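1. Structure for the following, please:
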Amino acid sequence: NATGIVSIISLTLKTEGFVGLFKGVGPTVAGALPYEGIKFGCYDLLSSKLVKKSESGSISVYSKFVCGATAGTLAGFVLYPNDTVRKLLQMQSDGRKKYNGAIDCYVKVYRVHGIARFYRGVLPYMSRMVPNAAIQFGVYESFKERYLTKPR
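-> Reported below is the predicted structural model:
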């Protein structure tokens, strides 16, 4: 019975080998790239097209936070099924392997549980991701504007 990080790593190495330490990394990377792309794309669209700018061409800090939160919400909701598949792949053990990769997992989960299963747990996930994206964009854009933008 694994009780700490060292014992979990040791147990994983013993039962699944070195490759077992990287279970689910494919869907993680495959989800991170589009997540960031959607998030940044949505933020850019929201902040450039839908928010009123000041005379200097900037938007308020509040608007930066709102645009960031909205972008994080959209990206998170679109890609949450990938997170579900990643978790399901990581939780299976070789002795009771249910899925042969991400595609197999998507197909089997959809056939048995439908689309709703992919979104189980989305609210706690969003309660973490929305503030994260709001802070990320609010702080980053404010610092960028303050320290990297050349004065006119």
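
2. How about the contacts made by Phe118?
-> Applying C-beta atoms under 8 Å, 6 or more residues apart in numbering to Phe118 gives the contacts 80-81, 84-85, 109-110. No exception for glycine: its C-beta is placed from N, CA and C like everyone else's.

3. how about a cut-off of 10 Å?
-> 80-85, 88, 106, 109-110 (C-beta atoms under 10 Å, 6 or more residues apart in numbering).

4. distance of it from Arg96?
-> Separation of Phe118 from Arg96 (C-beta to C-beta, to the nearest Å): 21 Å.

5. What confidence value was assigned to the closest residue to Lys23 other than its chain neighbours?
-> Distances taken as C-beta to C-beta, 6 or more residues apart in numbering place Gln90 nearest to Lys23, at 5.1 Å, with adjacent residues excluded. Gln90 carries a pLDDT value of 80.

6. Which strand or helix spans Gln90?
-> According to DSSP states H and E, Gln90 maps onto helix 61-91.

7. other SSEs contacting that helix?
-> Applying 3 or more C-beta pairs under 10 Å, 6 or more residues apart in numbering; DSSP states H and E, one finds that helix 61-91 makes contact with helix 25-45, helix 102-113, helix 122-143.

8. Now mean neighbour count, mean pLDDT and distance to Ser60 too, for these, in JSON lines please.
-> Shown next, in JSON lines, are these (neighbours: other C-beta atoms under 10 Å; pLDDT from 0 to 100; distance: least, C-beta to C-beta, whole Å):
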{"stretch": "helix 25-45", "mean neighbour count": "16", "mean pLDDT": "88", "distance to Ser60": "15"}
{"stretch": "helix 102-113", "mean neighbour count": "14", "mean pLDDT": "95", "distance to Ser60": "41"}
{"stretch": "helix 122-143", "mean neighbour count": "16", "mean pLDDT": "92", "distance to Ser60": "10"}
